[in-house]
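In: Fold the following.
(one chain, ligands or ions: 1)
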Amino acid sequence: MSIFQKISLLQFRNYSQQSFYFDKKIVGICGANGTGKTNLLDTIYYLCFTKSYFSKPDGKNVMHGKEGFRIEAEVENIRDTQKLTCILRENGRKEFYLDDEQYKKFSDHIGKYTCVMIAPDDAMLITGGSEERRKFLDTLLSQIYPDYLAHLINYNRILLQRNSYLKNLFEEQKTPDDLLDVLDEQLACVGEAIFLKRKIFLDTFISTILNQYESIADKDEGVDINYQTQMVEGKTMLQLLKDYRQRDLYLQRTTAGIHKDELFFSMNEQPFKLLASQGQRKSLLFALKLAEYFSIKEIKNHAPILLLDDVFEKLDANRMMNLLQKVCKDTDTQIFITDTHKERLEMAFDVLCLDYQLIEL
Ligand SMILES: Nc1ncnc2c1ncn2[C@@H]1O[C@H](COP(=O)(O)OP(=O)(O)OP(=O)(O)O)[C@@H](O)[C@H]1O
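Out: Numbers count the residues shown, from 1 in each chain. Okay, here's the model as predicted:
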């Protein structure tokens, strides 16, 4: 179990210089719109993932008019207390430290502190393109299995190389030489490893999502989830690359492989995003996130830190209490929940008899 005890921010978004102290597992963060509730949650995400949940270029997180930021936390674990530090230097260089030791690769930190964020803009996970769901799945698997992340980084690197080679062949009107075979073999090798991990994991993960959905919706609404992949009927990825080679040469990019996998949501055999109501979309979104939370908890033997941003605005009171009850009761992790209404948070925590701390911004 890991408990964030202190977080210090310097020039991070709207925080010039501020420290926060936490002494409970359940932390409510309240304040009016724009006071920095989401920003504070995002620092925790940053310290778990070495990057923001929201803003892609790190520089976007620097307080306007300043150069560089620093976020730091003291985290109490079962055996020790660790210090996590993320620094964005004035020259744009990012550094990440565990205690005072600097990571050579940020990816080495992923999975040390697991975390699940539920935020208002997550709707894209349901309504957006397949890359949103792949990203969700990849983030989840990377937190659980360090080798998965290593394979993924490798796959993306080789994919880039293969694509630029294809483009080059096309532009220079050349025929492919042995290099394409070598790249195919390398890509297929890591691709197979990723595919296998996804397939085995999804066998149980999909049932977990569907169970969560049913318990949120309180009935069977005919929702189903399918792992769609081109690696069907025992086809190897090497074979797949060979089958699509002519097409790839023409289109100058790799059009087949595990980077095309999809997690397809349906309702009564129709695409979920076309048929589902707003409420059903929210239910599926929460089901996905709860399944993520419970899967990490089961496989890693401890629950991830849970960051619930503005969820009261997303769910009705009943569903909200249901959600809090599921995750807050007997929790073995720390849960941060933001809300604009202090009274609403207090009431929910009191009804569930939770021991909590409130931070007012
Ligand atoms: N790089 C930045 N520099 C300075 N301020 C920033 C920066 N990025 C964001 N902000 C400010 O942070 C504030 C938003 O913070 P945040 O989204 O955390 O608020 P919030 O309390 O979660 O609001 P809401 O309740 O509306 O979701 C805004 O006022 C925004 O202008």
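In: For the ligand, see how far away residue 157 is.
Out: According to C-beta to the nearest ligand atom, to the nearest Å, residue 157 stands 31 Å off from the ligand. Where C-beta positions appear, they are placed from N, C-alpha and C, glycine not excepted.
In: And that residue, how far from residue 72?
Out: According to C-beta to C-beta, to the nearest Å, residue 157 stands 31 Å off from residue 72.
In: Between those two, tell me which one has more neighbours.
Out: residue 72 (18 against 13; other C-beta atoms under 10 Å).
In: elements contacting the helix or strand encompassing the more buried one?
Out: Using DSSP states H and E, residue 72 maps to strand 69-76. In terms of contacts (3 or more C-beta pairs under 8 Å, 6 or more residues apart in numbering; DSSP states H and E), strand 69-76 is packed against strand 3-12, helix 37-49, strand 81-88.
In: just checking, what packs against the longest one?
Out: What that stands for is helix 37-49. By 3+ C-beta pairs under 8 Å, 6+ apart, helix 37-49 packs against strand 3-12, strand 15-21, strand 26-30, strand 69-76, strand 81-88, strand 115-118, strand 305-308, strand 335-339.
In: Mind giving me the packing neighbours of the helix or strand of the chain with the lowest mean pLDDT?
Out: None of the helices or strands of the chain scores lower by mean pLDDT, DSSP states H and E than helix 311-314, at a mean of 79. Using 3+ C-beta pairs under 8 Å, 6+ apart, the elements in contact with helix 311-314 are helix 317-328, helix 342-351.
In: Roughly how far does residue 247 sit from residue 176?
Out: Separation of residue 247 from residue 176 (C-beta to C-beta): 13 Å.
In: next SSE after the top helix by length along the chain?
Out: Ranked by residue count and defined by DSSP state H, the top helix of the chain is helix 178-217. Per DSSP H and E, the first helix or strand lying C-terminal to helix 178-217 is strand 223-228.
In: ok, so what distance separates residue 97 from the ligand?
Out: Residue 97 is 22 Å from the ligand, where distance means C-beta to the nearest ligand atom.
In: wait, doesn't that residue sit right on residue 103?
Out: Yes. Counting by C-beta atoms under 8 Å, residue 97 does reach residue 103; the two are 7.0 Å apart.
In: Give me the buried positions along the helix or strand harbouring residue 165.
Out: Secondary structure assignment for residue 165, by DSSP H and E: helix 146-171. Residues 148-152, 154-155, 158-159, 162-163, 165-166, 169 are the ones in helix 146-171 that count as buried (16 or more other C-beta atoms under 10 Å).
In: now, among those, which is nearest to the ligand?
Out: residue 149 (27.9 Å; C-beta to the nearest ligand atom).
In: How confident was the prediction at that closest one?
Out: Residue 149 is assigned a predicted lDDT (pLDDT) of 96.
In: Who's the closest spatial neighbour of it, skipping the chain neighbours?
Out: residue 142 (3.8 Å; C-beta to C-beta, 6 or more residues apart in numbering).
In: before we move on, which element is the one you found in?
Out: helix 130-144.
In: Run the angle between that helix and helix 178-217 for me.
Out: 90 degrees (axes from the mean of the first three to the mean of the last three C-alpha atoms, to 10 degrees).
In: packing partners for helix 130-144?
Out: Looks like helix 130-144 contacts helix 124-127, helix 146-171, helix 178-217, strand 262-267, helix 278-300 (3+ C-beta pairs under 8 Å, 6+ apart).
In: Show me what from this protein comes close to the ligand.
Out: When proximity is defined by C-beta under 6 Å from any ligand atom, the chain lies next to the ligand at 13-14, 31, 33-39, 61-64, 310, 340.
In: Give me the buried entries from those.
Out: By neighbour count, with 16+ other C-beta under 10 Å, those hold 13, 31, 35, 36, 37, 38, 39, 61, 62, 63, 310, 340 as buried.
In: Identify the residues contacting the fifth one.
Out: Spelled out, that is residue 37. 29, 30, 31, 309, 310, 338, 339, 361 (C-beta atoms under 8 Å, 6 or more residues apart in numbering).
In: repeat for the last one
Out: Under the criterion of C-beta under 8 Å, 6+ apart, the contact list for residue 340 reads 30, 31, 32, 33, 310, 313.
In: Looking at those residues, spot the one nearest the ligand.
Out: Lowest distance from the ligand to those (C-beta to the nearest ligand atom) belongs to residue 33, with 3.4 Å.
In: Could you report the distance from that closest one to residue 313?
Out: Applying C-beta to C-beta, the value for residue 33 to residue 313 is 11 Å.
In: just residue 181 next, same as before
Out: For residue 181, the distance to residue 313 equals 54 Å [C-beta to C-beta].
In: Model confidence score at residue 291, please.
Out: pLDDT, residue 291: 95.
In: now residue 330
Out: For residue 330, the pLDDT comes out at 68.
In: Residue 11 is in contact with residue 43, correct?
Out: No. Between residue 43 and residue 11 there is no contact under C-beta under 8 Å: 12.0 Å.
In: more crowded one of those two?
Out: More crowded of residue 43 and residue 11, by other C-beta under 10 Å: residue 43, with 25 against 19.
In: what's near enough to touch the more buried one?
Out: 7, 9, 12, 71, 73.
In: make it 6 Å
Out: By C-beta atoms under 6 Å, 6 or more residues apart in numbering, the contact set of residue 43 is 7, 71.
In: Residue 306 too?
Out: 116, 327, 335.
In: among the residues you listed, who's most crowded?
Out: Highest neighbour count within these, by other C-beta under 10 Å: residue 116, with 27 neighbours.
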